[in-house]
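J.: what follows is a predicted protein model with its sequence.
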Amino acid sequence: MKIFRSIPLWTSLTLFLTPVLLWSQENNEERLHALINEALENNPTIEAAAQRVISVEKSISQAGALPDPRLTLGLMNLPVNSFAFNQEPMTGKLVSVMQMFPLAGKLGLNKEMAELAKRAEEFKQQETTNHIIAAVKAAYFNLYAVDRGIETVLTNKALMQQLVNVAQTKYATGTGLQQDVLRAQVELSKIEDDLLMWQQKRVAAAARLNALLNRTENAVIPVTPVELNLNPPAETNEALTETRPLLKAWQKIINRSETAVERKQRDYWPDLTIGASYSQRDDLKNGAVMHDFFSATASINIPLFFKSKQRAAVEQKQADLLALDAQYRDVLNNVRADSISIAAELERNRKRVELFEGGILLQAEQSLQSALAGYQVGKVDFITLINNWTMLQNYQLVAFRARADYRISLAKFEQIVGTNIQ
């Protein structure tokens, strides 16, 4: 409110304004970048997404591994009348091993599905990270708007106290009205109430930011600097399907489902099982020497019931693929609609900032300056002065809110298109 500087009666009031407007030369962008890095390191949701990637990664080697071999230990033809190993020639101790080998590239397809699942989870992790970054930005810019509200209210409180003093002085000298003193005192009480409201808002805004940073809810967050750049969005010629992690995750999910169909089709092919066994025999009581036996087997399963089993499994996976494809198209349509909506919101907030900072605030300042000059010479009553002054303060708050809303919209836009998120 530089307008007071040209009016001698109000020169002392500017002392309350200068500290508010020029108190800090800190950079909001540097502070926000530090908070984002803290969230990337400490946010539990991001940590959970990272652990899910590790979990899915561990399934890749499992998917490509052979089934566990089967070891069998047994006794053969043990006579029950004596349970002696040297009574009958066919009695022996058996050890056998069997291994099943999936054919037709089944293991390779299993591994490919696991790798695609991992890629999808990685894109989900990136989507989660972008969501948290956008949330940190939104929380920070909300805090910025609240801080400007508190500063404005504190400035208003100091100025209104001066107005009360001026009104009391004019009333004491017979040049003012008692109702002006009462009105100024009422406005001062309203400002006290506004201050309580803004302080409560800051507690809530700080708690939200602390939650995203995984801090304690009452951790101290310094007052945000006044200066806040608009930072227009970065231009990109890439399609949303190439930039948005969510859409790329869906593409990998569909690729995995396509591979799952192919994998089930391979179940029409049998699997090979190879076995080997060794039977150890004791020499008989009559002195006969008993040699040990070695046996080997090879077997395949026969998909005899393919119509009710393998074919149904393939059709099930095909239906799953069609469902996923429909879901992906719905997600893509919503993302495109959201990008258009947020782009329009971003442009609207940009125009609001230009409107208030380029015209409305200047006009409100001129109006208040005129009212102040008129009040000093008795041409403007105190009510008009208060109304003009209140109008300017409200417009200043709206201007700060518009700038914060623009940056919040920009954060949402960057998240939706998946570019320049930091």
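T.: Now that the structure is in, tell me what you want to look at. Computed from a prediction, not measured in an experiment: that's the story for all the values here.

J.: from here on, contacts and neighbour counts on C-alpha atoms
T.: Noted.

J.: can you pull the contacts of the residue most central in space within the chain?
T.: The residue lying closest to the centre of the chain (CA atoms, centre = their mean) is His131, at 2.3 Å. Shown in contact with His131 (CA atoms under 8 Å, 6 or more residues apart in numbering): Gln415.

J.: how about the residue in the chain sticking out farthest from the centre, secondary structure?
T.: Most distant from the centre of the chain: Asn286, at 82.4 Å, with distances by CA atoms, centre = their mean. Classification of Asn286 by DSSP: H, G, I helix; E, B strand; the rest coil places it in coil.

J.: re earlier: quick one: what helix or strand has the residue nearest to the centre of the chain in it?
T.: Per DSSP states H and E: His131 is located in helix 106-172.

J.: average pLDDT across that helix?
T.: Per-residue pLDDT over helix 106-172 has a mean of 91.

J.: going on from that helix, what's the next piece of helix or strand?
T.: Per DSSP H and E, the first helix or strand lying C-terminal to helix 106-172 is helix 178-212.

J.: so what touches the next helix or strand after that following helix?
T.: Moving toward the C-terminus from helix 178-212, the next helix or strand (DSSP H and E) is helix 240-243. Contacts to helix 240-243, defined as CA under 8 Å, 6+ apart, come from residues Leu247, Lys248, Arg336, Val417, Gly418, Thr419.

J.: buried residues in helix 240-243?
T.: Leu240, Thr241, Thr243 (16 or more other CA atoms under 10 Å).

J.: show me what the strand or helix carrying Leu71 is packed up against.
T.: Element membership of Leu71, judged by DSSP H and E, is strand 70-76. Here strand 70-76 touches strand 92-101, going by 3 or more CA pairs under 8 Å, 6 or more residues apart in numbering; DSSP states H and E.

J.: partner strands of the strand it packs on, parallel or antiparallel?
T.: strand 70-76 (antiparallel), strand 272-280 (antiparallel) (DSSP bridges).

J.: returning to what we had before: which among the contacts of helix 240-243 end up buried?
T.: Buried members of the contacts of helix 240-243, scored by 16+ other CA under 10 Å, are Leu247, Lys248, Val417, Gly418, Thr419.

J.: pretty sure the third one contacts Ala337?
T.: No. Val417 is not in contact with Ala337 according to CA atoms under 8 Å; the separation is 11.3 Å.

J.: which other helices and strands contact the strand or helix carrying Arg336?
T.: Using DSSP H and E, Arg336 maps to helix 310-355. Counting contacts by 3+ CA pairs under 8 Å, 6+ apart, helix 310-355 packs against helix 245-265, helix 382-417.

J.: what angle separates it from helix 382-417?
T.: Orientation check (axes from the mean of the first three to the mean of the last three CA atoms, to 10 degrees): helix 310-355 against helix 382-417 gives 150 degrees.

J.: ok, then the element right after helix 310-355?
T.: Past helix 310-355, the next helix or strand by DSSP H and E is helix 361-376.

J.: figure out which of the strands paired with strand 92-101 is closest to Thr155.
T.: strand 70-76 (81.8 Å; CA to CA).

J.: so how many other residues sit close to Ala49?
T.: Look at Ala49: counted by other CA atoms under 10 Å, it has 20 neighbours.

J.: swap in the one 3 residues further on?
T.: Using other CA under 10 Å, Arg52 has 17 neighbouring residues.

J.: so it makes contact with Phe123?
T.: No. Using CA under 8 Å, Arg52 is not in contact with Phe123; the gap is 11.4 Å.

J.: so which of the strands paired with strand 92-101 is the most packed in?
T.: strand 272-280 (a mean of 16; mean count of other CA atoms under 10 Å).

J.: mind saving the C-alpha coords of that strand as PDB?
T.: Coordinates of each C-alpha in strand 272-280 appear next as PDB, following Å, rounded to 0.1, in the frame of the first residue of the first chain:
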ATOM      1  CA  LEU A 272       8.100 -83.700 -20.600                       C
ATOM      2  CA  THR A 273       8.900 -85.500 -17.400                       C
ATOM      3  CA  ILE A 274      12.200 -87.400 -17.100                       C
ATOM      4  CA  GLY A 275      12.900 -89.800 -14.200                       C
ATOM      5  CA  ALA A 276      15.800 -92.000 -13.000                       C
ATOM      6  CA  SER A 277      15.800 -94.500 -10.200                       C
ATOM      7  CA  TYR A 278      18.400 -96.700  -8.400                       C
ATOM      8  CA  SER A 279      17.500 -99.800  -6.500                       C
ATOM      9  CA  GLN A 280      20.000-101.300  -4.100                       C
END
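
J.: who touches that strand?
T.: 92-103, 291-301.

J.: low pLDDT regions in this structure?
T.: 1-26, 175-176, 421-422 (pLDDT under 70).

J.: and for Pro233, the neighbour number?
T.: Quick note: Pro233 (other CA under 10 Å) scores 16 neighbours.

J.: tell me the contacts of it?
T.: Taking CA under 8 Å, 6+ apart, we find Pro233 in contact with Leu410, Glu414, Asn420.

J.: re the thing from before, now the angle from the helix holding Arg336 to helix 245-265?
T.: Using the same axes, to 10 degrees: helix 310-355 against helix 245-265 is 170 degrees.

J.: tell me what angle helix 310-355 forms with helix 361-376.
T.: Inter-element angle recorded for helix 310-355 and helix 361-376: 40 degrees (by the same axes, to 10 degrees).

J.: okay, now Gly108: neighbour count?
T.: Gly108: 16 surrounding residues under other CA under 10 Å.

J.: shouldn't it be in contact with Gly64?
T.: Yes. Between Gly108 and Gly64 there is a contact under CA under 8 Å: 6.2 Å.

J.: measure Asn231 to Leu284 for me?
T.: Per CA to CA, to the nearest Å, Asn231 is found 95 Å from Leu284.
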